[in-house]
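turn this into a structure:
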Amino acid sequence: MVTFYRRLPKIDYIIPLSIDEALDLLSNSDNGKYRVYAGGTDVIPKLKNRIMNPPEAIVDLKGIPDLDYIDYDDRNGLRIGALATIRSVETSPIVREKYPVLYQAARSIASIQVRNRGTIAGNICNAVPSADSAPALLALEAKLLCVSKKGKRVLMIDEFFKGPNQTALDPDELLKEIRIPPSPENCRGVYIKLSPRSKMDLAVVSVAILGSIKDGLLKNIRIGLGAVAPTPIRAKKTEELLEGAKPDDETTFNAAKKASLESNPIDDHRASAEYRKLMVEVLVRRAINQIISS
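This next block holds a predicted model:
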């Protein structure tokens, strides 16, 4: 039998018109019967290339109204709906002003065509270690509102990633909203991505750092790392080293070394584990220096 790659396999296509309708479908889904997607920029290529086992039907969430919001208030922070596109996050004035690390991460994702279609929620639900938004959301300590017919629950984002392409979502659940608390006063954010072709390639290493300087000392330090472990990770030991430290060359050098030790990369066709560890050092050092000098 000839297999025609680049064509979608024969599967049904369903467009629910409400959250309840989508959750009804998922509550009756057994053994991967349905596959949910929002933008489809990851799911569709995987189906075409037979990287993913085809479900009985794909469920397109784009027909659900009022899930593409980006809302902010000073008390609760930022709320990003499940259908808010990467481009809308990138171009949001409030994101750029209040959460520059997320703005930098969003604008580093693929092409403008992909960003116009793909969603931030989909980027993390795909759960690849190199997802650009993940280190930034880890550093921002995002919370995820997940819904099912059984009710609602809120997960911290560092509880969400369980392994490559694996999340804490149950088969009958949807990620409805990303919630990001207000950043500490005078906090600065930096996202740096290393990839062979800049935006158009997956990250070989990515680093997101949030922090401030108060009374001459580093404060509120949070670090997210991508593409250097089975999941995006927080470099918590490095954060502890930096918290309350003097912003000098010795501190920066020691923190970069510590972050490299916290990483656990693999060898693959894009880079060796050794190279990735070395570049964690380089990028963490650069990001801390940007926090210090900005």
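
ranges for the helices of the chain?
Remark: helices assigned in the chain by DSSP state H are 19-27, 43-48, 86-91, 93-98, 100-107, 112-117, 120-125, 133-139, 157-160, 236-242, 249-262, 273-293.

where among the ones you listed is average confidence lowest?
Ranked by mean pLDDT, the helices of the chain bottom out at helix 43-48, with a mean of 83.

packing partners for that one?
Here helix 43-48 touches strand 34-37, going by 3 or more C-beta pairs under 8 Å, 6 or more residues apart in numbering; DSSP states H and E. C-betas here are computed from N, CA, C, even on glycine.

could you redo the last one with a cut-off of 7 Å?
Packing partners of helix 43-48 (3 or more C-beta pairs under 7 Å, 6 or more residues apart in numbering; DSSP states H and E): none among the helices and strands.

flag every buried residue along that helix.
By neighbour count on 16 or more other C-beta atoms under 10 Å, the buried set for helix 43-48 is 43, 46, 47.

check stretch 176-189 too.
Residues 176, 177, 178, 179, 180, 183, 187, 188, 189 are the ones in stretch 176-189 that count as buried (16+ other C-beta under 10 Å).

for residue 146, give the beta-bridge partners.
With DSSP bridges as the criterion, residue 146 is bridged to residue 153, residue 175.

what's near enough to touch it?
153, 155, 169, 173, 174, 175, 176 (C-beta atoms under 7 Å, 6 or more residues apart in numbering).

I'd like those residues as a markdown table, with distance to residue 232 and pLDDT appended.
Below are those laid out as a markdown table (distance: C-beta to C-beta, whole Å; pLDDT from 0 to 100):
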| residue | distance to residue 232 | pLDDT |
| --- | --- | --- |
| 153 | 21 | 97 |
| 155 | 14 | 98 |
| 169 | 16 | 95 |
| 173 | 20 | 94 |
| 174 | 21 | 96 |
| 175 | 15 | 97 |
| 176 | 21 | 98 |
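
quick one: buried ones out of the residues you listed?
Buried by 16+ other C-beta under 10 Å: 155, 169, 173, 174, 175, 176, out of the contacts of residue 146.

wait, isn't the third one in contact with residue 151?
No. With contact defined as C-beta atoms under 7 Å, residue 173 does not count as touching residue 151 (10.1 Å).

quick one: contacts for the residue nearest the centre of the chain?
Nearest to the geometric centre of the chain sits residue 134, at 2.3 Å (C-alpha atoms, centre = their mean). Taking C-beta under 7 Å, 6+ apart, we find residue 134 in contact with 124, 224, 226, 232.

restricted to buried residues, select those in PyMOL.
Buried subset of these, written as a PyMOL selection, criterion 16+ other C-beta under 10 Å:
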select buried, resi 124+224+226+232
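
okay, the contacts of residue 134 in a markdown table with distance to residue 10 next?
Shown next, in a markdown table, are the contacts of residue 134 (distance: C-beta to C-beta, whole Å):
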| residue | distance to residue 10 |
| --- | --- |
| 124 | 29 |
| 224 | 40 |
| 226 | 35 |
| 232 | 34 |
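
from the contacts of residue 134, pick the one nearest residue 103.
Of all the contacts of residue 134, residue 224 has the smallest distance to residue 103: 14.8 Å, by C-beta to C-beta.

which residue packs closest to residue 152, ignoring adjacent ones?
residue 145 (6.5 Å; C-beta to C-beta, 6 or more residues apart in numbering).

how's this structure carved up into domains?
Under automatic domain parsing, the residue ranges defining each domain of the chain are 12-63, 70-180, 188-293.

quick check: end-to-end length of the longest one?
Domain 70-180 has an end-to-end distance of 11 Å (criterion: C-alpha to C-alpha, to the nearest Å).

from the chain's centroid, how far away is it?
6 Å (C-alpha atoms, centre = their mean, to the nearest Å).

can you check the last one too?
Domain 188-293 has its average C-alpha position 16 Å from the chain's average C-alpha position, going by C-alpha atoms, centre = their mean.

can you get me a residue count around residue 69?
13 (other C-beta atoms under 10 Å).

ok, it touching residue 81?
Yes. Counting by C-beta under 7 Å, residue 69 does reach residue 81; the two are 4.3 Å apart.
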